[in-house]
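**Student:** With the input below, show me the fold.
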Amino acid sequence: MSKIKVIIPAYNEENSIARVINDIPKFVDEVIVVNNNSNDDTANKAAKAGATVLTELNKGYGFACLKGMEYISNQNKKPDIIVFLDGDYSDYPEELEQLVDPIINDNIDMVIGSRNKELRAANSMTPQQVFGNWLATFLMKFMYGARFTDLGPFRAIKYQKLLDLNMQDKTYGWTVEMQLKALKHKLTYIEIPVKYRQRIGVSKVSGTIKGSIFAGLAILGWIFKYSIKK
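**Tutor:** As a prediction, this is how the structure comes out:
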């Protein structure tokens, strides 16, 4: 059976992190929560729920993901698949099984959980999130012929393929960087529709004007950076 590890970046998610961990299917080999300089009880709650807890003092989604990857790189036995999942309980962790199925059974390299409108709870995504996702995926389709419809953070990828991408973004551009580099490296990929609910707590990105602006600039920056390289 494929060896699967989950990386969860978490900043001030004490009210949700245990619920996320408890809903992850038991066949997952290790759940890694990267405590991204939280000032609440996120780390303790995650540890009590059974996760491996790492500390990343540099704030940023990409910083946290890279910390989790660094930890895995130092293990003797490497996983076959890495799953990235948010710590706010907006995704349904039990859907992880259907997320990894195309990788295990169809040899797909990367699977993105697409937050389709039909499966999203009302108000689970802010207007700026909806527009930002549309704009980014439209530009990727127009400029690179991509078939993406979402930048959803709930995703699975073969571990070796992830290493091949040489991920670098430290903050808000992590998801779009992965998708752009997947195109460049000609990875096979699909999207599968996933359910999405209102997160617990306030989003640190889309919940503030500053966060939304910086996220948008980071995402567009990656897209146009790759356009220049072509």
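
**Student:** Not counting its neighbours along the chain, what's nearest residue 59?
**Tutor:** residue 37 (5.3 Å; C-beta to C-beta, 6 or more residues apart in numbering). (Each C-beta comes from the backbone N, C-alpha and C, glycine too.)

**Student:** Check the burial of the one you found by counting its neighbours.
**Tutor:** The tally of other residues near residue 37 (other C-beta atoms under 10 Å) stands at 15.

**Student:** repeat for residue 180
**Tutor:** Residue 180: 25 neighbours (other C-beta under 10 Å).

**Student:** Assumed it was part of a helix.
**Tutor:** Yes: assessed by DSSP: H, G, I helix; E, B strand; the rest coil, residue 180 belongs to a helix.

**Student:** so it makes contact with residue 144?
**Tutor:** Yes: using C-beta atoms under 8 Å, residue 180 makes contact with residue 144 at a distance of 7.4 Å.

**Student:** isn't residue 57 right next to residue 37, touching?
**Tutor:** Yes: contact criterion C-beta under 8 Å: residue 57 and residue 37 qualify, at 5.1 Å.

**Student:** Kindly tell me how buried residue 144 is, as a neighbour count.
**Tutor:** 16.

**Student:** all helices in the chain, in order from the N-terminus.
**Tutor:** 17-22, 42-48, 61-73, 96-106, 127-144, 159-165, 174-184, 209-229 (DSSP state H).

**Student:** packing partners for the shortest one?
**Tutor:** Using 3 or more C-beta pairs under 8 Å, 6 or more residues apart in numbering; DSSP states H and E, the elements in contact with helix 17-22 are strand 4-10, strand 30-35, helix 42-48.

**Student:** low pLDDT regions in this protein?
**Tutor:** The chain contains residues with pLDDT under 70 at 202-218, 226-230.

**Student:** Dead centre of it: give me the residue that sits there.
**Tutor:** The centre of the chain sits closest to residue 153, judged by C-alpha atoms, centre = their mean, with a distance of 3.0 Å.

**Student:** wait, doesn't it sit right on residue 176?
**Tutor:** No: contact criterion C-beta under 8 Å: residue 153 and residue 176 do not qualify, at 10.9 Å.

**Student:** about what we covered before: please tabulate the helices and strands packed on helix 17-22 in TSV, including the columns mean neighbour count and distance to residue 170.
**Tutor:** Output for the helices and strands packed on helix 17-22, formatted as TSV (neighbours: other C-beta atoms under 10 Å; distance: least, C-beta to C-beta, whole Å):
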stretch	mean neighbour count	distance to residue 170
strand 4-10	25	12
strand 30-35	24	13
helix 42-48	20	20
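
**Student:** I appreciate the help and will end here.
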